[in-house]
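> fold the following.
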Amino acid sequence: MSDDQQGADSELRVRLADAEDQRLRALADLDNLRKRCATQVSRARAEASSTVAAEWLPVVDNLDRALSHASSDPDAIIEGVEAVREQALAVLDGLGFGRRVDTGEKFDPGRHEAVATRPDPGTEPGTVIEVVRAGYGEGDHQLRPAQVVVAQGPREVVGGE
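Modelled structure (predicted):
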């Protein structure tokens, strides 16, 4: 082998070793980045859970107060529970999951889950006539769809009956 060939061979080995070193460093950097991202996601998830839990603490405190007066005037207890319910709905609304009023709306399978249909004279078929379980949130930010009863059109009589 000539000196020129040995020099070229030696230079290729150095370049190959350098490329391998760069590859290994890039893999190590990628692994470190993956670990940092996982840590950040975990931290963000924990912070979000803490924030939501902190929003609910006053609701729980008020329920405890209501229960401590269980032997009091029933009307006062009902008023207290209604106030706590309003507070809970406000927490959900503040989190972006407001309670929807779906009665009278056109049935939308993206927002509603039909649990029944029934005739309702004077109501357009396909209209929500009763909400069995309320829905919360809108669009892609929906916590759950509403369970609804939908108006059906008039039934067709078959066979002349």
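> sticking with the spatially most central residue of the chain, tell me its helix or strand.
The centre of the chain sits closest to residue 143, judged by C-alpha atoms, centre = their mean, with a distance of 4.8 Å. If you go by DSSP states H and E, residue 143 is part of strand 141-144.
> list of residues touching the helix or strand following that strand?
Using DSSP H and E, the helix or strand that follows strand 141-144 towards the C-terminus is strand 146-152. Strand 146-152 has contacts (C-beta atoms under 8 Å, 6 or more residues apart in numbering) with 100, 102, 107, 111-120, 123-135. (C-beta placed from N, C-alpha, C; glycine too.)
> chain center to the longest helix seen in the chain: distance?
For the chain, the helix that runs over the most residues, judged by DSSP state H, is helix 3-68. Distance, stretch centre to chain centre, for helix 3-68: 24 Å (C-alpha atoms, centre = their mean, to the nearest Å).
> against residue 104, how distant is residue 131?
Distance, residue 131 to residue 104, by C-beta to C-beta, to the nearest Å: 10 Å.
> more neighbours, the two?
residue 131 (18 against 10; other C-beta atoms under 10 Å).
> just checking, the more buried one touches residue 103?
Yes - here residue 131 reaches residue 103: they are 5.7 Å apart, a contact under C-beta atoms under 8 Å.
> tell me which element residue 132 falls in.
When secondary structure is defined by DSSP H and E, residue 132 falls within strand 128-133.
> residue ranges with poor pLDDT in this protein?
Residue ranges of the chain with pLDDT under 70: 154-161.
> repeat the analysis, applying 90 as the threshold.
In the predicted model of the chain, residues 1-10, 48-56, 59-60, 62-81, 95, 121-122, 138-141, 153-161 satisfy pLDDT under 90.
> just to revisit the earlier point, what's the longest helix of the chain packed up against?
helix 74-94 (3 or more C-beta pairs under 8 Å, 6 or more residues apart in numbering; DSSP states H and E).
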